[in-house]
Each structure stands twice: as structure tokens, then as C-alpha cells.
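[1] Predicted coordinates and the sequence they were generated for:
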Amino acid sequence: MTLSSVSIALTGSGGAGVMTAGQILLDAAAKAGFYGLMGRTLGPQIRGGESAALLRLATGPVDGPDDGYDILLAFDWGNIERFQDELPLNTGGLIIADPHQGAVPDIMLTGDDIRTAMVPFHDLAKPIAGGRVNMVGLGLIAALIGLDPAFLLDRVARQLAGKGEAALEASRAALAAGAAAAADIAGVSPLAAPAPRTGDRWSITGNDAAGLGAIQGGVRFCAAYPITPATDILEWLAPNLPKVGGTLVQCEDELASINMIIGSSFGGTPSLTATSGPGLALMTESLGLAVASETPVVVVNVQRGGPSTGIPTKSEQADLNIAVNGLHGDAPHVVTAPLSIGDCLFTTQWSVHLAEAMQTAVIVLSDQTLGQSRAIIDPPADLAFVGKRRVPERIEAPYERYAVTADGVSPMALPGQEGGAYTGDGLEHDPVGHPSTQTAHHQAQLDKRRRKVEGFDYGDHWAEVDGDPDADIAIVTWGSTAAPAREAMARARALGFKVRLVAVRLIHPVPVDRLRYALSGVSRVLVVEQNHDGQYWRHLRAHMDLPGTVAALHRPGPVGLRPREILARLQSQ
Amino acid sequence: MRMDTVSPMDTLEDFIAHAIALEEDSAIRFDDMADALDVHQNHEVTVLFRKMAHFSRLHLAEAQKLAEGLTLPRFKPWEYKWPQAEPPETPELDATHYLMTPHHALVMALESEKRGHAYYAGLAQSHANARIRELAQEFAEEEAEHVALLEAMMAKYPAPPADWDEDMDPPVSVD
Amino acid sequence: MDAVVAKPQSFKSDLKPVWCPGCGDFAVLSAITRTLTELGLPPREVALISGIGCSSRLPAYTSVYGFHGVHGRALPLASGLKLARPDLTVLSVGGDGDGFSIGGNHFVHACRRNVDLTYIVMDNSVYGMTKGQASPTTEADWTGSKLTPEGPGLAPFRPLEMALSSGASFIARAFSGDPLELTRQLCAAIEHRGFSFVHVLSPCVTYRPEQKGWRARVHGSFEAPTADRREAFLRLLDDDGFATGILYQGRETPFQPTAQATAPVAALGAQFAV
């Protein structure tokens, strides 16, 4: 028997090197033609804390984790009680542990038919000069799942580039020692052979993908203030923006970063920043300024557990409320959400396009799961979305920066343009831009700002709609929960259910007509998301009547929603 | 203050450049003050200040006429040699008030004309260049006429009661 | 420079200031327009960026590009604009509350960052737009506000010391009652390469009418600018808050990261290939 998907958790603390081992395994599998992804869970320590690399390898593309893990390899059991709930084992799952680290803790043995195998990783590594336990573990796992060790060696060599032949030799020996130890473990089915690879594959995190999407969308200025788990976007942009003639600047705080990008965008440069909940909260006043002054900006908000400092290293989808409703006054803007790790690229690029086209603020709701997980994907197709701002070609006096137009978008002069000088303003203004408290000006400007985001043609990208045309039940979801929802739908259909999935990328404004059309024919709707209060469910219901019986599946993080939870709700509704 | 840098100008061109700057600055300031009073609905004083600006521009035109055929030096704003921080006929900004009356406006204008007169009279008396002395004398006489004119007007606008600046309403919170 | 010399009035817009008649900010506005004229800058290549407060209304009163942002954030706005558009001449204006209280962190870091822009603070030691509360530069015993009836009780902030210790590369103080000296300073500030801070004592005639007395208190004791930080600090130790002139002009390199594109956008994806 072979498997089409296998899930593996590698845990260890105090510098066991599980993250490095995990990425080598993922990339080696990609080299061999597999797809896969790797998430991570980390303790609060800066170095040496407990950590786990959470892998899923498969013969076809995968967007999210399985219900549980088939193999849990524990180099040690440090602080396991803190995150054992993030490491559920599938029925018949295998725990591989080092006997010198003590017995397998009971809390790990609560699943069905859990098997254990004891492998003395530390003893196996010790006789090899420079041998490391993570390499022994890698060799073992590769042998168990049937991954050709040549692919591992290739990735290890890249990892160790510059460390000399001795280091590589040590790794080779450690991998071999691990592979030999695998012979004593029976009953693990290997992965089926993948289809032959036809081209490059990418190994990319959601945060890196968001960075690339930003640049592809035209972003050439980024103001940055570090915050977990968004910092990776900024760190990817820092060396990559200059390659295309762009600039990244580190700021003193998030108030500065949002205002710097408003300033640079006023100058005509498509601009972006990335942050997480606490930073987004600080930025909301100035996001209102971007809306009122009609200055395009993009904020990628990589959600983490909240409120307040919350759980910075773990995922949740609980910033929807502030992203949608956090601005004071009537401040129409756009909120989007990527639907997979790879989709962080498209959604960010699309969001730059939306911001520039509508001259408004766009908030992209990514999350820690998408941002800090790595996926093997097919290189994305070239996309035509490049931010393009409407700039006046010929300016006649008096130039009306905030002219009331049919679609609400007013041509925006850029500094340097003769005759276009105006003062961008957060004060309510008349069409010229002069401050005004007049009822008619306020009404007209509020109307046009709403008109441009509600009347905009978002095209087919507002959501991914999939499943049965004659479905009776539809799952409506957004962001990272699209992955388990997609898998739940596939399982339900395999069981004979007729199901449709509407995974929404455009969170706000709610695309009411498109949603209604996408849900036509169903009599039951299940809204799925990862937060305590059902934020998207409430948001949808505030804007439209969903058809038939509506149920909501929502629970907080940090453990991500699993396909089986969604499937169970589908079956019970 | 740059009192220590004040020294008589040397040439006719210098003198005329100063005369032009003096009137220009006065006109701009009166215009600014008229705008400010206009925004604050004080139309009587607005009209008076506009008039003052107009007179300054008439004198400016005269000074510019004198410059015909001459190549004037191009001074930076701070290189002019004035007896005080600003040109003598530029009214003092902080003497304006949103409730000021025509009487106050005339006092301001009078003071500026008196300063102008003193400035030209000083040059007429002491400058080494005869042509400058002659022109300065003409200008001083003109300023004296303005002073007399304003003093005559003042008779029509006696000082207001002491509570002229009383406002029953409190100031407004704006932003 | 254009063949026809622009007049300062051509830098003014047709929008009239809402400032109280007598406000020092009128003189600052006029000094700014005079400065831009003097430097021969085309209005389209100048941007004036502000936050919130009486003085922050200034950009709309000019004919250059302007941006009137939210309270306290003028400097990041201005910095972002200059960093993205180094070809522009960028000025930022505002008051003591905007710059030293709500925007205090940005002031410190803008001095440190030394982006090539000019920051003009019109300091009247009071919040005018909210009816006269104490600001960071208000005297500890000023009892004119209902919010602090016993006086703020805090020693006033010393902006020039702060600017110097934070790394500003050009520091000056002027008085709105001497707009020609202010114009001189502004010309020098704009021509200086780096972050220029010009502190302008600009009286509030409504809430601090006693500031009319500033005319008698200001004195030009800063004399010639120094490039020696020790000397500048010594001068500030003797400063009574009314010394005017250009205090310090250093030679620190302005912060302006610029990059020439070395790769097509399409090439960036290659780093992810596996």
C-alpha cells in the first residue's frame, strides 16, 4: 500500500534543528516531484525553545494540514504539554522517540491505535564526528516514506555550502545511520510515486509570497516596523525592493510606517507596509486619512492570536472586525484575504491593483498559518495586475483633485505636474480640496468614496467557487480556513454529499450580488472561520440575507481548523 | 535684530530698490491683514486695509517709474538695510485684532507712515549722495502729507470705548 | 531660474487663512513664500506637509503641492514623500503640540534619520485649535487653561536641545516678528542637505496675548552657525529660549537610500525555485 499524503511532525528543543531538518525534507521531496507544506509551532523563547516542524508531503498540491500526523518524531519531550494539542495523531499514528529522553508522555498516547518506536538518535549521532541528531532523524524519515536519499543529500549540501567537505560527510553518515535505523520500524506505508515533474516548483512561504506579490503589483516603497508574525514580509522586501529600484525604510513605530507610505504614495509611488494586530490598531487613524485623502496604500496584516499582545506566534482570524470596522467615520475601504500560502502572492498583488485603481486603503488579512508556512507550489502564472493610478493627462484650471465623478475615482495629480498642485486633506473638503464643513460637500465626498469601492468591478477574483452546481449545502469561508474547508468538501463529495465551496477573497465590501449568485440553489450554508466570535459570519449577516438555514463553525486558535471538524459539521447540519 | 548691520545705502539704485521693497512689503502686509479681517467678517477695517494696500501700490508704481533706465541691485530680503526688523512702512502684524475698529486701523496706518517719514527724513538730512538726499526729501514730504491726511481722517474715527474688544461668546474649538 | 522672477504672492493660493488677525503664522507663511521665490523653485516641485493645529493649516494657503495629515504625523508623511521622491523640495510645518507632544517620537527620529527636508515649527506654547491648553513648551506656572488651572507644573520642553542631541544637522530659531531673518534662515535650511529644524517663536494673540512682549525679549545671540556640537551645546546651556539665529549646521550625510533597478521583476521568482 502507498499513500497519497503523509503528515510528519518533527519536534525538539534546545537547538535540535527541527526547522532546518523540516525544510530540507520539504525541499528534497519537492525535488523528487512531491508537493507539500510545512508549518511551524514555536515556544516563546528566542533561542533553544521547544519547536515543531509540521509537514505534509503529497503526490498532488496541498494547501493545508491533514487532521493529524501520521508520524511524530520527537528528538526530546521538552515542554510538550505546552503544544501537544497542536500535534494530534491520526489513527494508527507512529511516535518515534529517543529512549534516553524518557518514556513517551501519556498525553501523547491518547489517540487510537498509537504505535511507538524507540530510536536512540543521540547515540546514533554521537560516534559520527560532527554528526547531528536532526540529520539522523531526516535519514530515518526519508527511508520510512520512500524518499530517495540522493534528494536529501542534494539539499543538505546546499544547506552546508561553505562549511567544508567534513561537515557534508558528517551529514551523509548521519543520514545513513538514520536510514539504517528505519529497517527496524515496520508497518509504515511509503508515499506513492509522484507524477514526473515537468518544470520548476517553488518552495515559498506565504509571507515571502506576499512580498513578491507586492513588488509584482508595482510597490516600490515600503515603510517597516517589525512585528511577529509579519516581519518576514518586511525582511524579504528589504533586499528585494532595491533590486527593482525600490526602497524599504525601517521606522520608529507603526504610526510612522503607515504615514510614511501615505507620504510616498502621495508622491506617486505605490506603497505598502506589513504588520499584525497591535500594529494595525495603531494604524487605524491614519488608514482613515488614506481613505479621506484618497491616497492608495496597502497594509498586509498577518493575523495572530488576539486581543492585545495575545498569542503572537500563533494563528487566528480575529482581526476581521478591526480591519472592516476599525476606522472612525464612514470610511469605505477594501479588505481582502489570501486563500492559500501560494495565494498570498496573487491576493497581495491584486490588492495593490485595487488600492491604486480606487485610490483607497486596502487591508490584506493574511495570518500566521499562511505567512509562516512554506508550501511547494507550481510557479504562478504571469498576472496582468499591476497597480495603475488614474493621473490627469492634461490639467485645466481649476484642478479638482476630488472631482465628483461617475465612478467616484478622481484623477490624481502627482507632485511635479504643472497645474496640479493641491493639498491632500483629511479634513472634509470640496472638490478642489479646500476644507469644507458644508453638508453638500460632505455628502458628495462620502458618496463618491463609497461609490468607488462599491461600484468597482472586482471580476472573478472575489472568491474561489468550487464544488457541485446542484449542491444543497455550501461552505462559505475566507482566508486560511479555505484549505481545510476545501479538503472537507472533497471528503464529503467522496461520501456522496453534494457540496459547494465559496472561499471568499474579497471580505469587504461584501460582494452581495456575487455571493447571492454563488449560493443560488443551496438551502443550507455553513460559515467557517477561525475566531472565537464568528466575525465573518456576523459581517455577512449584517450585509445580506444568506439563503436557507445558516450555521456557523467558528473557534479560536491557536490550533487550526481541521478538515474532519468541518466535515463533521457538514454531516450534522 | 540686525540693527548693527544698518548702514546708509550707497547709490541711487540702492535707494530706489529700497523704496520699491518698502512699498511692496507694505502693500503685501496690508493685503494680508485685509484678508484676515475679511475672514473674520470685519468688513469696515477690511475696506480700510485694502485702501492702504492700494496707496502703497500707487507709491510702488511711482518708485518703479524712477527705476526706469536704471539697473537695480537684486537684494535678498534680508540684505536690505532697514532701521528695524521690517521695512518702515510695513504695519505690525500683532497690532491687528478681529474686533479692531477703523480707529485702530488708522492708528496702525499712521504709525507706519510716520516711520516711513522718519526713514526718508533721516536720509534727506544725512546722506552723502545729493540726488538721494533730494529724492528722500521728496518722499519724506509725501509721507508727511499722508500723515496729515490720516490725522485728518482720525478725527472722523475717534477712539472706541474701552470695551471694544469684548466678545460675549467664548472662543471656538476648531480641530 | 525663470526669466520672469516669480513674486512671493504667486506662491499663495486663493484660500485665505483662518488664523486670528495678528497671529504670527501670517508672517511665517509670508516668509515661506518669500523663501521659495528667493530660491527660484517651481511651485510644482515643492511640497508642504503638515499635521493638525492652527499652523498645520498652512499648506492649503500656498500654491505648492500640500498634504494636511493627522495630528502629530507630519514628519513621517514628509519623510516618506522625500524618500520616495528625492527630486522634490519637501517642507514640513506645524505647531509645538503637533511636533513635540503627540508627534514627539517622530521629531526625535526625524532628527536622527536626517532626511533632506526642512521642518518649521511655529511655537506659541499653546494649543489654539482646542481653546488654549498648555503645550509641551508652556511655562510650568501658566494658569491660563481650564485643563491645568494650577499650571501644567512641568518644565517646558527644550526643542533645540532635543534636536541637537537627536542628530538634526541644521538647527535655527527665528521670531515671526522678524520675517526677513526668518527668510534668511529658511533659505539656508532648504539649501542645507539634511534634516533642518527651524524653531519659530510665533505668538498666539488669542490665548497668549502677553506673547506680544516677545518682540522685546528676542535677541540674535546665536551669531554665526557652528559645526561643532560641543560649541552648540554650550550655546544652548546659556539659551534663554529667545536667542535667534542659525545655531548649528553640521556635515552629517543625509539619509536617502536609492537603488537602481538591477533585475526585471520577473526575475525575482527564481529564488524560490526548487
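    Looks like it came in fine. Note that the structure is predicted; figures quoted are calculated from it, not measured.
[2] Just the CA atoms of stretch B:106-124, as PDB, please.
    C-alpha atoms of stretch B:106-124 as PDB (Å, rounded to 0.1, in the frame of the first residue of the first chain):
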ATOM      1  CA  LEU B 106      -5.900 104.300  11.200                       C
ATOM      2  CA  VAL B 107      -3.500 104.400  14.200                       C
ATOM      3  CA  MET B 108      -1.600 101.500  12.600                       C
ATOM      4  CA  ALA B 109      -1.500 103.200   9.200                       C
ATOM      5  CA  LEU B 110      -0.400 106.400  10.800                       C
ATOM      6  CA  GLU B 111       2.400 104.700  12.700                       C
ATOM      7  CA  SER B 112       3.600 103.100   9.500                       C
ATOM      8  CA  GLU B 113       3.500 106.400   7.700                       C
ATOM      9  CA  LYS B 114       5.300 108.100  10.500                       C
ATOM     10  CA  ARG B 115       8.000 105.500  10.400                       C
ATOM     11  CA  GLY B 116       8.200 106.000   6.600                       C
ATOM     12  CA  HIS B 117       8.600 109.700   7.100                       C
ATOM     13  CA  ALA B 118      11.300 109.400   9.700                       C
ATOM     14  CA  TYR B 119      13.200 107.000   7.500                       C
ATOM     15  CA  TYR B 120      13.200 109.300   4.500                       C
ATOM     16  CA  ALA B 121      13.700 112.400   6.500                       C
ATOM     17  CA  GLY B 122      16.800 110.800   8.100                       C
ATOM     18  CA  LEU B 123      18.200 110.000   4.600                       C
ATOM     19  CA  ALA B 124      17.300 113.500   3.400                       C
END
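[3] who's in contact with that stretch?
    Stretch B:106-124 is contacted by residues B:8, B:15, B:22, B:26, B:48, B:52, B:82-84, B:88-92, B:95-96, B:132-134, B:136-137, B:139-140, B:143-144, B:146-147, B:150-151, B:153-154, B:157 when judged by CB atoms under 8 Å, 6 or more residues apart in numbering or on different chains. All C-beta spots, glycine's among them, are computed from the backbone N, C-alpha and C.
[4] Narrow those residues to just the buried residues.
    B:15, B:22, B:26, B:48, B:52, B:82, B:84, B:88-92, B:95-96, B:132-133, B:136-137, B:139-140, B:143-144, B:146-147, B:150, B:154, B:157 (16 or more other CB atoms under 10 Å in any protein chain shown).
[5] so which of the contacts of stretch B:106-124 are also by chain C?
    Counting by CB under 8 Å from any CB of the partner chain, B:82, B:92, B:95, B:96 from the contacts of stretch B:106-124 sit close to chain C.
[6] Around chain A, which positions in chain B sit nearby?
    Counting by CB under 8 Å from any CB, chain B comes close to chain A at no residue.
[7] how near is the residue of chain A found nearest chain B to residue A:40?
    Closest to chain B within chain A is residue A:427: 8.1 Å, counting by CB to the nearest CB. Separation of residue A:427 from residue A:40 (CB to CB, to the nearest Å) stands at 46 Å.
[8] Looking at these two, which one has more neighbours?
    Counted by other CB atoms under 10 Å in any protein chain shown, residue A:427 and residue A:40 do not tie: residue A:40 has more neighbours, with 21 against 17.
[9] Secondary structure element for that one, which one?
    strand A:35-42 (DSSP states H and E).
[10] Name every strand pairing with that strand and say which way it goes.
    Sheet partners assigned to strand A:35-42 using DSSP bridges are listed as strand A:51-58 (antiparallel), strand A:374-377 (antiparallel).
[11] how about the spatially most central residue of chain B, what does it touch?
    The residue lying closest to the centre of chain B (CA atoms, centre = their mean) is residue B:89, at 2.4 Å. Contact analysis of residue B:89 by CB under 8 Å, 6+ apart lists B:22, B:23, B:25, B:26, B:56, B:112, B:113, B:115, B:116.
[12] Based on its surroundings, how many neighbours for the residue of the stretch 301-450 of chain A found nearest chain C?
    Residue nearest to chain C within the stretch 301-450 of chain A (CB to the nearest CB): residue A:423, separated by 3.4 Å. Residue A:423 has 29 neighbours, counted by other CB under 10 Å.
[13] Help me confirm that it comes into contact with residue C:63.
    No. With contact defined as CB atoms under 8 Å, residue A:423 does not count as touching residue C:63 (10.1 Å).
[14] Can you pull the residues of the stretch 1-150 of chain C lying near chain A?
    C:15, C:43-45, C:47-49, C:57, C:59-60, C:63-70, C:72-73, C:75-85, C:87-88, C:105-106, C:108-109.
[15] hmm, 7 Å instead?
    Neighbours of chain A within the stretch 1-150 of chain C, by CB under 7 Å from any CB of the partner chain: C:15, C:43-45, C:47, C:49, C:59-60, C:63-70, C:73, C:76-81, C:83-85, C:88, C:105-106, C:109.
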